[in-house]
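[1] predicted model and sequence follow; I will ask about them next.
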Amino acid sequence: MNIIVCVKRIPKTAEADILIEKDGKDIKRDHLVFALNDWDGYAVREAVLLKEKFEGEVTVITIGPEESKEVLTRCLAMGADRAVRIEGPSSSDGHLIARILAQAIKGQSFDLILTGVQAEDDGWGQVGVALAQILGLPHASIVTHIEIERDKAKVRRELEGGIEELLEVKLPAVLTIQTGINEPKYVSLSAILDAEDKETKEVGMEEIGFSSKGPLDATIDQVSFPPTGKMAEILKGSPEEVVGQLTEIIKKKKG
């Protein structure tokens, strides 16, 4: 079974001070730590588990600058066999990214394409389903379990409210992987050092035959912090007094 996994290098912002560039179009990234997108890590792990069960090859692909090689190295250390870096735009346009990936993937032999459900930095969750549409392949999103039976994949996918749906998808197909589908494997330093010796194929947009002609790409006009809202108001007093205060607040809000 040959599996392609699309991955992304993202900035870790949860515990960092976020600053906006002077032009207001992006955040400052020079002080941020970058890593493999969490959802993509689960996708790589799932691909490796399927390879171990059915044999075959796992290829990881990313779009981005030279620094993106670090996430490919980690994927190789996790058990991927091949890595490809496309020298392309660092874009938040999910459709553009899907078009580039489709151009790089079409013509290759594969049984599955896996992506993470979404990226931690933009959270749009568009690339996987757009990629399936462009390639004309069946797909399932937010997948939490995969079973392969001959030329079909039986998958379990997450719906709203904790409900799950069972689907049967004909291969080849595109699946977007939800976190928690498997147990992440610890990647040792020695495995990473060994992976650094493996070759990463690097290609440009012209080499994959990508044409910029197509739908207009999305652009970001302005990035800003959410407006600061009113601070929480703490009601004090006896239960009866608090109920009275709350009643008055509700009356004013409705008025």
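    That came in fine, so what should we check first? Numbers count the residues shown, from 1 in each chain.

[2] quickly note the distance from residue 229 to residue 254.
    In this view, residue 229 and residue 254 are 20 Å apart by Cβ to Cβ, to the nearest Å. In this view, the C-beta of every residue, glycine as well, is placed from N, C-alpha and C.

[3] CA atoms only for stretch 198-211, dumped as PDB, please.
    Extracted C-alpha coordinates of stretch 198-211, given in PDB (Å, rounded to 0.1, in the frame of the first residue of the first chain):
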ATOM      1  CA  LYS A 198      18.000  10.600   4.100                       C
ATOM      2  CA  GLU A 199      17.500  12.500   0.900                       C
ATOM      3  CA  THR A 200      14.600  15.000   0.600                       C
ATOM      4  CA  LYS A 201      13.600  15.700  -2.900                       C
ATOM      5  CA  GLU A 202      13.200  19.400  -3.600                       C
ATOM      6  CA  VAL A 203      11.200  20.700  -6.600                       C
ATOM      7  CA  GLY A 204      10.000  24.000  -7.800                       C
ATOM      8  CA  MET A 205       6.600  25.100  -9.100                       C
ATOM      9  CA  GLU A 206       7.800  24.800 -12.700                       C
ATOM     10  CA  GLU A 207       9.200  21.300 -12.200                       C
ATOM     11  CA  ILE A 208       5.800  20.000 -11.200                       C
ATOM     12  CA  GLY A 209       4.100  21.900 -14.000                       C
ATOM     13  CA  PHE A 210       2.100  24.200 -11.800                       C
ATOM     14  CA  SER A 211       0.400  27.100 -13.600                       C
END
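
[4] buried sites along it?
    Residues of stretch 198-211 classed as buried: 200, 205, 208, 210 (neighbour count, 16 or more other Cβ atoms under 10 Å).

[5] just the pLDDT for the second one.
    Going back to what we said before, that points to residue 205. Per-residue confidence (pLDDT) for residue 205: 89.

[6] residue 88 is in contact with that one, correct?
    Yes: contact criterion Cβ atoms under 8 Å: residue 205 and residue 88 qualify, at 5.9 Å.

[7] tally of neighbours for residue 67?
    By other Cβ atoms under 10 Å, 11 other residues sit near residue 67.

[8] whoops, residue 57 was the one
    By other Cβ under 10 Å, neighbour count at residue 57 equals 15.

[9] cool, residue 158 as well?
    18.

[10] need the contact list for it.
    142-144, 164, 178 (Cβ atoms under 8 Å, 6 or more residues apart in numbering).

[11] okay, how far is it across stretch 19-27, tip to tip?
    Using Cα to Cα, to the nearest Å, the end-to-end distance of stretch 19-27 comes out at 6 Å.

[12] mind listing the helices in this protein by residue range?
    Assigned by DSSP state H, the helices in the chain fall at 38-54, 69-77, 94-105, 127-135, 189-196, 239-254.

[13] point out where the protein drops to low pLDDT.
    212-217, 255 (pLDDT under 70).

[14] what segments of it are strands?
    Taking DSSP state E, the strands of the chain run over residues 2-6, 9-12, 33-36, 57-63, 82-87, 112-116, 139-149, 152-158, 164-170, 173-177, 200-204.

[15] neighbouring strands - and their directions - for the fourth one?
    In its sheet, strand 57-63 lies beside strand 2-6 (parallel), strand 82-87 (parallel), with partners assigned from DSSP bridges.

[16] ranking the ones you listed by burial, who's on top?
    strand 2-6 (a mean of 25; mean count of other Cβ atoms under 10 Å).
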